[in-house]
Each structure stands twice: as C-alpha cells, then as structure tokens.
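**Q** using only what follows, build the 3D model:
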Amino acid sequence: MAQNKTTETNVSVTDFLNTITDDTKRSDSFKLVEIMENQTGYQAKMWGPAIVGFGSYHYKYESGREGDAPLVGFSPRKAEISIYLMLNQIERETQLTNLGKYKTDGGCIRIKKLQDIDIDVLLKIASSSIAYLKEKYPA
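**A** As a prediction, this is how the structure comes out:
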C-alpha cells in the first residue's frame with residue numbers, strides 16, 4: 001500500500017508561515033495558529049510541506065488504508081487559505097450557513113481572508129470537527 005504523503009513533520013510552523021509573501025495571508029495564518037491553539041488546546045505542527053495541523057487522530061478505512069491526520073488544520077495556498085475540518089453532512093450544512101464568505105471543496109473550506117468570515121463560527125465548527133473525529137475514530 002502507498003505511503004501517506006501528509007505526515008507530521010518537525011519543520012517549524014513559524015518558519016513555514018514566514019515564507020508566505022502575501023502580507024494579509026501571512027498575518028491571517030499567524031492569527032489562525034493563535035486562535036486554533038487556544039480553541040483546540042493543541043500546539044500547531046506541520047503536516048507534510050504545507051499543512052498546519054492541530055492534534056491528530058488515527059483513521060482506518062474499510063479498504064484497509066490507515067494513517068494519521070490532524071484533527072483540524074489549514075494550508076495557506078496561493079489563491080486562498082484552505083481550512084480542513086470534518087463534520088457529518090447535516091451539521092456541516094447547518095454550521096456553514098453562518099460562517100460568512102467561503103467556498104467548499106470536499107473536506108475543506110476555502111477563504112480569501114479571515115475578515116470574510118465569523119471567527120466565532122469557525123471556532124465552533126473546529127470544536128465540532130474534533131468531537132466528530134474523536135467519536136468516529138476513538139483512540
């Protein structure tokens with residue numbers, strides 16, 4: 001079976017974020033680290049070359065594929081910031097209605113800047129995501 005590309009690394013989150021050339025995206029990324037660490041109680045860690053994650057869980061699919069992933073995370077991509085959260089479909093639709101300006105793609109929420117969303121709603125979604133994943137994949 002293929003190795004997972006996204007694994008926890010020892011790369012410095014601060015060093016990674018300081019490579020972001022867009023001032024708003026870099027500032028928003030540092031703010032996301034601060035608020036997510038406070039909300040989740042987990043220290044930010046790099047996952048792969050470009051994902052900042054908080055906490056971790058071990059998953060195992062029916063196919064036999066398994067691995068570790070961050071409970072919540074984000075990646076400052078070129079066009080936008082991708083925020084990785086996992087909720088059941090009903091809760092996802094309910095909570096996203098009050099988030100603000102965003103796009104979704106699979107398991108991620110894409111935003112241009114933090115100013116476009118309600119941070120309190122994002123933090124509520126992050127807490128719900130952690131609870132969902134801990135229930136779905138108990139340690």
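**Q** give the other helices and strands that the helix or strand hosting residue 120 contacts.
**A** Using DSSP states H and E, residue 120 sits in helix 119-136. Under the contact criterion of 3 or more CB pairs under 8 Å, 6 or more residues apart in numbering; DSSP states H and E, helix 119-136 touches helix 23-40, strand 72-76, helix 89-96. Using the backbone N, CA and C atoms, a C-beta is placed for each residue, glycine as well.
**Q** for the shortest one, packing partners?
**A** In terms of contacts (3+ CB pairs under 8 Å, 6+ apart), strand 72-76 is packed against helix 23-40, strand 51-54, strand 81-84, helix 119-136.
**Q** tell me the first helix or strand C-terminal of the worst-scoring helix or strand of the chain on mean pLDDT.
**A** Least confident helix or strand of the chain, by mean pLDDT, DSSP states H and E, is helix 89-96 with a mean of 80. Next along the chain after helix 89-96, taking DSSP H and E as the criterion, comes strand 103-105.
**Q** would you indicate which residues of that next one are buried?
**A** Within strand 103-105, no residue is scored as buried using 16 or more other CB atoms under 10 Å.
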